[in-house]
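**Student:** Quick one, what's the 3D model for this:
(2 chains)
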Protein chains: 2
Amino acid sequence: MKAMFTETIQPFLISLSSGGTVIKSRVFRTTGIDESALNEKISDVFEKSTNPTIGVLAHPEGVDIRLTAKAASEAEANILLDGLGKTLMARLPNFIYGLDQDNLETIVGRILTTRHMTLSVAESCTGGLITHRLTQVPGSSNYVMRGYVTYSDESKSDLLQVKPDLIKSKGAVSREVAEAMAKNCREKSRSDLVLSTTGIAGPSGGTAEKPVGLVYIGIADDQMVRGMEFRFSGYREAVKMKASQAALELLRRHCLQMPLKD
Amino acid sequence: MKAMFTETIQPFLISLSSGGTVIKSRVFRTTGIDESALNEKISDVFEKSTNPTIGVLAHPEGVDIRLTAKAASEAEANILLDGLGKTLMARLPNFIYGLDQDNLETIVGRILTTRHMTLSVAESCTGGLITHRLTQVPGSSNYVMRGYVTYSDESKSDLLQVKPDLIKSKGAVSREVAEAMAKNCREKSRSDLVLSTTGIAGPSGGTAEKPVGLVYIGIADDQMVRGMEFRFSGYREAVKMKASQAALELLRRHCLQMPLKD
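**Tutor:** Model prediction:
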């Protein structure tokens, strides 16, 4: 169906468009930066460019930037898109993870496959969503080794040897617990890379000090372990989705030796 | 927003509808029966009933039956819906799991909460989707204890003590492995109930004997363990979703002491 559309229907529709004009779009997918911060970085480009035009769409996984070019031919439209695309890549070198239909689980899968690296995941607040997203990708059984969903405190100690004393003193939702989960998951799974999450997905369970949306994400390889703090807005489903996206983005950046956070 | 709509906008819109007629719908959600088998069971009701009318919509989670009644008042519309609803419930006593916006993870959550029962999950082909769906429900941390995603053979043995010999002789995708996963997950987690899955999500990995879509689902409590065979159609995402739905439905039926399969 896709091939039929791309090869036959799309060119036909394009040939129908008024005055021999070709209209072509390209989407630059970003994550880890909100709409207003992104606007600040590209507002001057936004204002100056009339062709391609720029549209922005925010959703829980991130913010998409859509360029739409009008030209006499597809080749000319591509030149316009390439030109402005380069500017965007220069302005947002770390935030753009893919184009058009790309998603982070596929991007991360390609990186792991190319490097012959394996991955395991230790999830608390994301409740299996990271492992679910990774395993949506065909061929993921080549690099996804195992996942732990340590939802109860007991399971964190039982499965990942997070010390009950640490949970008591720092809280299950803490950088220290995220790091212990990542470190111990790596040792037990013998995977090259590990992600971990612990946080408060809501709607209940938040306190003044640790509100709903507070999430710690851990990443570990054989050299390092690092836990990072995030604060996500929205209802339970949105917090889970945002946390899973931030975790996959950490992995992408780590593998590509980019700064983990801007 | 919901309350605003229900209390103010909806009655206003209803009052606008022509000739003081009220139109009201109710959806009966089924799973575990395909559209043609369902049609066979209710086609005579379907043909006879002009008010309410009956519409059927199939999706990976199951088949929805939508009744739409026209009456002079909401009360009269409800009487019509209750009447035909009773007929449907009598025809499909085991397949209807909920109404309108209900989903199986919420239904199962309510059952576990009422009975003060805990649940853990051991997933292979569903890759974390069952645990993810269960933990979408607010308050699920009260009954979801832990999840294992044992994607590699090694992790099945390492985390759930599935014997490598069993995997070798029966295959990782087998009733015996699903049962071993469920049994051992229950013992390790000390949860009241356990679900397990092992199967071939595709698109590759299938053979003539074990094709893509073949899934074994295990269920265990302190008295029993049972593995059941399913064959699902569709692409990877559909197979994962259908398998997760079948597993949650097994749990619902087990808890309500209904036959596990018709």
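**Student:** What parts of the stretch 51-200 of chain A come near chain B?
**Tutor:** Taking C-beta under 8 Å from any C-beta of the partner chain as the contact definition, the stretch 51-200 of chain A meets chain B at A:121, A:123, A:126-132, A:134-136, A:138-141, A:144-152, A:154-155, A:158-159, A:188-189. Backbone N, C-alpha and C define where each C-beta goes, glycine included.
**Student:** Now the buried members of the residues you listed.
**Tutor:** Burial by neighbour count, judged by 16 or more other C-beta atoms under 10 Å in any protein chain shown, picks out A:121, A:123, A:126-132, A:134-136, A:138, A:140-141, A:144-152, A:155, A:158-159, A:188-189 from these.
**Student:** So which of those residues belong to strands?
**Tutor:** Here DSSP state E is the test, and these give A:Val121, A:Glu123, A:Val144, A:Met145, A:Arg146, A:Gly147, A:Tyr148, A:Val149, A:Thr150 as lying in strands.
**Student:** My read is that the fourth one contacts A:Asp192, right?
**Tutor:** No: in terms of C-beta atoms under 8 Å, A:Met145 does not count as a neighbour of A:Asp192; the distance is 9.3 Å.
**Student:** residues shared between the contacts of those two?
**Tutor:** Residues touching both A:Met145 and A:Asp192 (C-beta atoms under 8 Å, 6 or more residues apart in numbering or on different chains) are A:Thr118, A:Leu119.
**Student:** Next SSE downstream of the helix or strand of chain A with the lowest mean pLDDT?
**Tutor:** The helix or strand of chain A with the poorest confidence is helix A:10-16; it has a mean of 70 (mean pLDDT, DSSP states H and E). Counting by DSSP states H and E, the next helix or strand C-terminal to helix A:10-16 is strand A:22-30.
**Student:** Enumerate the positions of that next one that are buried.
**Tutor:** Using 16+ other C-beta under 10 Å as the test for burial, strand A:22-30 gives A:Val22, A:Lys24, A:Arg26, A:Val27, A:Phe28, A:Arg29, A:Thr30.
**Student:** same deal with stretch A:58-78?
**Tutor:** Quick answer for stretch A:58-78 (16+ other C-beta under 10 Å): A:60-71, A:77-78.
**Student:** tell me which of those residues is nearest to A:Arg253?
**Tutor:** Nearest to A:Arg253, judged by C-beta to C-beta, of these is A:Gly62 at 13.5 Å.
**Student:** show me the contacts for the closest residue to the closest one other than its chain neighbours.
**Tutor:** If the residues on either side of it in the chain are set aside, A:Gly62 comes closest to A:Thr31, at 3.3 Å by C-beta to C-beta, 6 or more residues apart in numbering or on different chains. A:Thr31 is in contact with A:Glu61, A:Gly62, A:Val63, A:Phe95, A:Tyr97, A:Leu104, A:Gln245, A:Ala246, A:Glu249, counting by C-beta under 8 Å, 6+ apart.
**Student:** do that again at 6 Å, thanks
**Tutor:** Going by C-beta atoms under 6 Å, 6 or more residues apart in numbering or on different chains, A:Thr31 touches A:Gly62, A:Gln245, A:Glu249.
**Student:** where does it land on pLDDT?
**Tutor:** You'll see A:Thr31 listed with a pLDDT of 97.
**Student:** before we move on, what about A:Ile9?
**Tutor:** Note on A:Ile9: pLDDT of 81.
**Student:** Report the beta-bridge partners for A:Thr198.
**Tutor:** A:Thr198 forms beta bridges with A:Tyr216, as assigned by DSSP bridges.
**Student:** From the contacts of A:Thr31, which land in strands?
**Tutor:** Short answer: the contacts of A:Thr31 in strands (DSSP E) are A:Gly62.
**Student:** okay if I get the contacts of A:Thr31 as CSV plus pLDDT?
**Tutor:** Formatted as CSV, the contacts of A:Thr31 follow (pLDDT from 0 to 100):
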residue, pLDDT
A:Gly62, 96
A:Gln245, 98
A:Glu249, 98
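**Student:** Now do the helices for the stretch 1-150 of chain A: every range, in order, please.
**Tutor:** For the stretch 1-150 of chain A, applying DSSP state H, counting those that start in this stretch gives helices covering A:2-4, A:10-16, A:35-48, A:74-91, A:104-114, A:129-134.
**Student:** Point out the most buried one among these.
**Tutor:** helix A:129-134 (a mean of 29; mean count of other C-beta atoms under 10 Å in any protein chain shown).
**Student:** Just the residues contacting it, thanks.
**Tutor:** By C-beta under 6 Å, 6+ apart, the surrounding residues in contact with helix A:129-134 are A:105, A:121, A:123, A:140, A:144, A:147, A:240, A:244, A:247, B:127-129, B:132, B:149.
**Student:** neighbouring contacts of stretch A:248-262?
**Tutor:** With contact meaning C-beta under 6 Å, 6+ apart, stretch A:248-262 is reached by A:Thr31, A:Gly32, A:Asn94, A:Leu104, A:Val108, A:Ile111, A:Leu195, A:Ile217, A:Ile219.
**Student:** Can you tell me which of the residues you listed is nearest chain B?
**Tutor:** Taking C-beta to the nearest C-beta as the measure, A:Leu195 is the one of the contacts of stretch A:248-262 closest to chain B, at 12.3 Å.
**Student:** Regarding that closest one, which helix or strand does it belong to?
**Tutor:** strand A:193-199.
**Student:** I'd like to know which elements that strand is packed against.
**Tutor:** strand A:119-123, helix A:175-189, strand A:214-220, helix A:236-255 (3 or more C-beta pairs under 6 Å, 6 or more residues apart in numbering or on different chains; DSSP states H and E).
**Student:** quick one: it to chain centroid distance?
**Tutor:** Chain-centre distance of strand A:193-199: 14 Å, with C-alpha atoms, centre = their mean, to the nearest Å.
**Student:** same question, stretch A:190-207
**Tutor:** From the chain centre to the centre of stretch A:190-207 is a distance of 15 Å (C-alpha atoms, centre = their mean).
**Student:** which parts of it are buried?
**Tutor:** Buried residues in stretch A:190-207, defined by neighbour count with 16+ other C-beta under 10 Å: A:191-202, A:205.
**Student:** Kindly report the same for stretch A:232-248.
**Tutor:** Of the residues in stretch A:232-248, A:232, A:236, A:238-248 count as buried by neighbour count, 16+ other C-beta under 10 Å.
**Student:** Now do the contacts for A:Met228.
**Tutor:** A:Ile217.
**Student:** Unless I misread the structure, it falls within a helix.
**Tutor:** No: counting by DSSP: H, G, I helix; E, B strand; the rest coil, A:Met228 is not found in a helix; it is strand.
**Student:** Roughly how far does whichever residue of the stretch 151-262 of chain A sits closest to chain B sit from B:Met241?
**Tutor:** Residue nearest to chain B within the stretch 151-262 of chain A: A:Ser155 (3.8 Å; C-beta to the nearest C-beta). Counting by C-beta to C-beta, to the nearest Å, the gap from A:Ser155 to B:Met241 is 25 Å.
**Student:** quick one: low-confidence parts of the stretch 1-150 of chain A?
**Tutor:** A:14-19 (pLDDT under 70).
**Student:** typo on my end, it should be the stretch 151-262 of chain A
**Tutor:** For the stretch 151-262 of chain A, applying pLDDT under 70 flags no range at all.
**Student:** follow-up on the earlier one: nearest to A:Asn39, out of the helices and strands packed on strand A:193-199?
**Tutor:** helix A:236-255 (19.2 Å).
**Student:** what's the angle from the closest one to strand A:193-199?
**Tutor:** Helix A:236-255 and strand A:193-199 are oriented at 150 degrees to each other (axes from the mean of the first three to the mean of the last three C-alpha atoms, to 10 degrees).
**Student:** Would you mind getting the angle between helix A:236-255 and strand A:214-220?
**Tutor:** 30 degrees.
**Student:** That'll do, ta.
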